[in-house]
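Peer 1: Have a look at this prediction, sequence included:
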Amino acid sequence: MNAAVFFQQLINGMSLGSLYALLAIGYTMVYGILRFINFAHSDIFMVGAYSAFFFIVIFRVPWPLAAAFAVCLTALVGVTIDRVAYRPVRDAPRISALITAVGVSSFIENLGLVTVGARPKAFESPQFMSRVFHIGPVTITGVAIWVPIMTFVLLAVMMYVVYRTKIGMAMRSVSTDIEATRLMGVDVDKVISYTFALGSALAAAGGILWACKYPKISPLMGVYPGWKAFTAAVVGGIGSIPGAMIGGFIIGLIEVMTVAISPGLSGYRDGVIFLVLVVFLLVRPTGILGETLKEKV
Amino acid sequence: MASQNGAILALDSVSVSFGGLVAVSDFDFTLGKGELVGLIGPNGAGKTTVFNIITGQYEPVRGKVFFRGRDITGWRPDRVTCAGIARTFQNMRLFEGLTVLDNVLVSRHSKLRSSMLAAALNLPGYVREEQVARTKAMELLDRVGLMDLAYTEAGSLPYGQQRRVEIARALAADPEVLLLDEPAAGMNPEETARLMEFICGVRDEFGLTILLIEHDMKLVMGICERIRVIDYGMSIAEGTPEEIQGNPKVISAYLGEEACEYA
């Protein structure tokens, strides 16, 4: 593999990794606060892509506006899922929430199959995404450049919200001690709603960008990206937001580089990622940035 | 004997049980405005349970809780805090990863009127409110002598200072009633003496009503005007420190340990 190919694959890997990062943050935020894996998160990603699709194709809304609407709508869907499905089992053992999440995921996927059909739909990505750039011997598509750029902007906004605002401060205190936060006069349910809104908005953005990159959307499109983003969250350290970002890029790079280095393995690209998941769970279950969980008394 | 006149907080024959275990039964209690009252009893007597009932963490199976004459039984803990009852914890429970200032601000934020959305978008009204909140938080940190540690991670502070952060955090909610759960736990006699002075000081300064749980009899006898003793979830005595020290029921509850030592 020469330098040019390596550089090209590096960009491809970063581009794919940034999508995983966007999705991984939702897993890690919900885990950090509620200590369960929101399996429906991968379906939120799909809802984001479909919402944008419908705004563009049916309502003929211009692309940037359609993306913005879709992100807002999906955030609302995320909040609704929490209200309807997770809040009632908030005080139940965590395993109940986990099983509920599996159920919600299955429900959304099947609702998608019934309503929009299993046949994939072609997603119209905007002009600037499909342009091709040539830098010396390296050929880069607009998507490969725009996706990481937009991701970085979104991640910066998200970091600002979490580390610099009142709501972010409440999110961090809820993730440390939910009961103590309540006793400081904070309406914890509201904080959790905002967490779902933020995580779902990022997942929607990820879904839309994913659809620009792989312009075929289907109700099950979220399943594999979801599992890989979950792997990314585990690798980075579940519960840690910077960890989810780092994990996302690592997983994206591993996936792309595996195929680039030995094309014979391309059929195993998903398998390799899950191997990483298994290895991390065995060797370092707290991930790169995760801390050992202290059980609270 | 519900909300008596002059009582800021009243518990009317409150009972709580977990499974078959009765943790607190038929507990009557009133707290007058501006009082400093101690709640004592052997380990496992139900003292913290009483706190948890007042703050809404536990809902009593029987009985009612009144705050300023208003029935607050079954209110969510955040509503109770916003209404004016703040607490500290036996095992502290600071937000360890947050800075000292942020710990205080989390609590102060319940007083802000701007919506979370306005906060996320940094609207001007919110920015102004936030500035006021920060100033207030810094004043409180100054009051507990931790201003120069405002930007330190709370979890990295030594024990005694963490206790003071906790009190500042509780005060940031602008409470009328402050519940202190073993504030002197783990302190040496010198620190305890300073804490006593501090508690009396903030009570006068902020016009607080204080109910405290404490095992350190010197502290309890030294600053409380009235003491309530519970054992096995039931009230066994109430009175001035002198009366309590001479009360045979109390002495037997403590099996002649601490109570006799100071009698």
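Peer 2: Cool, the structure landed.

Peer 1: give me the number of residues near the residue in the stretch 151-297 of chain A that chain B sits nearest to?
Peer 2: Residue nearest to chain B within the stretch 151-297 of chain A: A:Gly185 (2.9 Å; Cβ to the nearest Cβ). Bear in mind the C-beta positions are built from the backbone N, C-alpha and C, glycine included. When counting by other Cβ atoms under 10 Å in any protein chain shown, one arrives at 26 neighbours for A:Gly185.

Peer 1: Which pLDDT does the model give it?
Peer 2: Listed pLDDT for A:Gly185 reads 93.

Peer 1: how about it, secondary structure?
Peer 2: Here A:Gly185 is recorded as coil under DSSP: H, G, I helix; E, B strand; the rest coil.

Peer 1: For the helix or strand hosting B:Asn103, name the packing helices and strands.
Peer 2: Per DSSP states H and E, B:Asn103 falls inside helix B:100-108. Taking 3 or more Cβ pairs under 8 Å, 6 or more residues apart in numbering or on different chains; DSSP states H and E as contact, the helices and strands that helix B:100-108 lies on are helix A:166-176, helix B:124-143, helix B:159-171.

Peer 1: Packed most tightly, which of those would that be?
Peer 2: Highest mean neighbour count of the helices and strands packed on helix B:100-108: helix A:166-176, a mean of 23 (counted as mean count of other Cβ atoms under 10 Å in any protein chain shown).

Peer 1: any idea how far A:Asn2 lies from A:Ala144?
Peer 2: 19 Å (Cβ to Cβ, to the nearest Å).

Peer 1: Mind checking which of those two has more residues around it?
Peer 2: Using other Cβ under 10 Å, the more surrounded residue of A:Asn2 and A:Ala144 is A:Ala144, with 20 against 8.

Peer 1: Setting aside sequence neighbours, what's the nearest residue to the more buried one?
Peer 2: A:Ser15 (4.4 Å; Cβ to Cβ, 6 or more residues apart in numbering or on different chains).

Peer 1: if we can go back for a sec, can you pull the contacts of the residue lying closest to the residue of the stretch 151-297 of chain A closest to chain B once chain neighbours are set aside?
Peer 2: Excluding its sequence neighbours, the residue lying closest to A:Gly185 (Cβ to Cβ, 6+ apart) is B:Ser110, at 2.9 Å. Going by Cβ atoms under 8 Å, 6 or more residues apart in numbering or on different chains, B:Ser110 touches A:Met184, A:Gly185, A:Val186, B:Asp78, B:Thr81, B:Cys82, B:Ala173.

Peer 1: Am I right that B:Ser110 falls within a strand?
Peer 2: No - under the criterion used here (three-state DSSP), B:Ser110 is helix, not part of a strand.

Peer 1: Model confidence score at it, please.
Peer 2: B:Ser110 carries a pLDDT score of 80 in this model.

Peer 1: Ok, the one 10 residues further on next?
Peer 2: The predicted structure scores B:Ala120 at 68 on the pLDDT scale.

Peer 1: Count residues in the vicinity of residue 184, would you?
Peer 2: Let's take chain A. By other Cβ under 10 Å, the residues close to A:Met184 number 29.

Peer 1: Chain B, not that one
Peer 2: If you count neighbours by other Cβ under 10 Å, B:Ala184 ends up with 23.

Peer 1: Where does it sit: helix, strand or coil?
Peer 2: Classification of B:Ala184 using three-state DSSP returns coil.

Peer 1: Up against chain B, what does the stretch 151-297 of chain A have?
Peer 2: Neighbours of chain B within the stretch 151-297 of chain A, by Cβ under 8 Å from any Cβ of the partner chain: A:161, A:165-167, A:169-170, A:172-173, A:176-177, A:179-188, A:190-191, A:194, A:296-297.

Peer 1: Okay, helices next: where are they in the stretch 1-150 of chain A?
Peer 2: A:3-34, A:41-57, A:63-81, A:94-115, A:127-130, A:142-164 (DSSP state H, counting those that start in this stretch).

Peer 1: May I have the residues that are in contact with residue 227?
Peer 2: The chain I'm using is chain A. Here A:Trp227 is in contact with A:Ser42, A:Ile273, A:Phe274 (Cβ under 8 Å, 6+ apart).

Peer 1: Not quite, go with chain B.
Peer 2: Counting by Cβ under 8 Å, 6+ apart, B:Ile227 makes contact with B:Val37, B:Gly38, B:Leu39, B:Ile40, B:Val220, B:Met221, B:Ala237, B:Glu238, B:Gly239, B:Thr240, B:Pro241, B:Ile244.

Peer 1: ok but the first one is inside a helix, no?
Peer 2: No - when the secondary structure is assigned by three-state DSSP, B:Val37 falls in strand instead of a helix.

Peer 1: my read: it touches B:Leu9, true?
Peer 2: No - contact criterion Cβ atoms under 8 Å: B:Val37 and B:Leu9 do not qualify, at 9.7 Å.

Peer 1: Quickly list what's touching both of those two.
Peer 2: Contacts common to B:Val37 and B:Leu9, judged by Cβ under 8 Å, 6+ apart, are B:Leu31, B:Leu211.

Peer 1: which one of the two has more residues nearby?
Peer 2: Legend: neighbour count by other Cβ under 10 Å for B:Val37 and B:Leu9, higher for B:Leu9 (25 against 20).

Peer 1: May I ask which helix or strand encompasses that one?
Peer 2: strand B:7-18.

Peer 1: secondary structure element for residue 227?
Peer 2: Since no chain was named, I'll use chain A. Per DSSP H and E, A:Trp227 falls inside helix A:223-236.

Peer 1: wrong one, I was asking about chain B
Peer 2: strand B:226-231.

Peer 1: Pairing partners for that strand, with directions?
Peer 2: Strand pairing for strand B:226-231, using DSSP bridges, gives strand B:36-40 (parallel), strand B:234-239 (antiparallel).

Peer 1: For chain B, which residue gets nearest to chain A?
Peer 2: B:Ser110 (2.9 Å).

Peer 1: how far away is that residue from B:Glu96?
Peer 2: Plainly put, B:Ser110 is 20 Å away from B:Glu96 if you go by Cβ to Cβ.

Peer 1: What residues does the stretch 151-263 of chain B have near chain A?
Peer 2: Going by Cβ under 8 Å from any Cβ, the residues of the stretch 151-263 of chain B near chain A are B:Arg169, B:Ala172, B:Ala173.

Peer 1: The second one - how many residues pack around it?
Peer 2: Using other Cβ under 10 Å, B:Ala172 has 26 neighbouring residues.

Peer 1: phi, psi of the nearest residue to B:Thr192 once chain neighbours are set aside?
Peer 2: Distance criterion Cβ to Cβ, 6+ apart; nearest residue to B:Thr192, sequence neighbours excluded, is B:Ala184 at 4.6 Å. Per-residue torsions, B:Ala184: phi -100, psi 0 (degrees, to the nearest 10).

Peer 1: Report the contact partners of B:Ala184.
Peer 2: Residues in contact with B:Ala184 (Cβ under 8 Å, 6+ apart) are B:Glu191, B:Thr192, B:Leu195, B:Glu214, B:His215, B:Asp216, B:Leu219.

Peer 1: What of B:Tyr58?
Peer 2: B:Val16, B:Thr49, B:Asn52.

Peer 1: does the first one really touch B:Gln57, like I thought?
Peer 2: Meaning B:Val16. No - look at B:Val16 against B:Gln57 with Cβ under 8 Å: they stay out of range, at 10.3 Å.

Peer 1: Out of the contacts of B:Ala184, which end up buried?
Peer 2: The neighbour-count criterion (16 or more other Cβ atoms under 10 Å in any protein chain shown) marks B:Thr192, B:Leu195, B:Glu214, B:Asp216, B:Leu219 among the contacts of B:Ala184 as buried.
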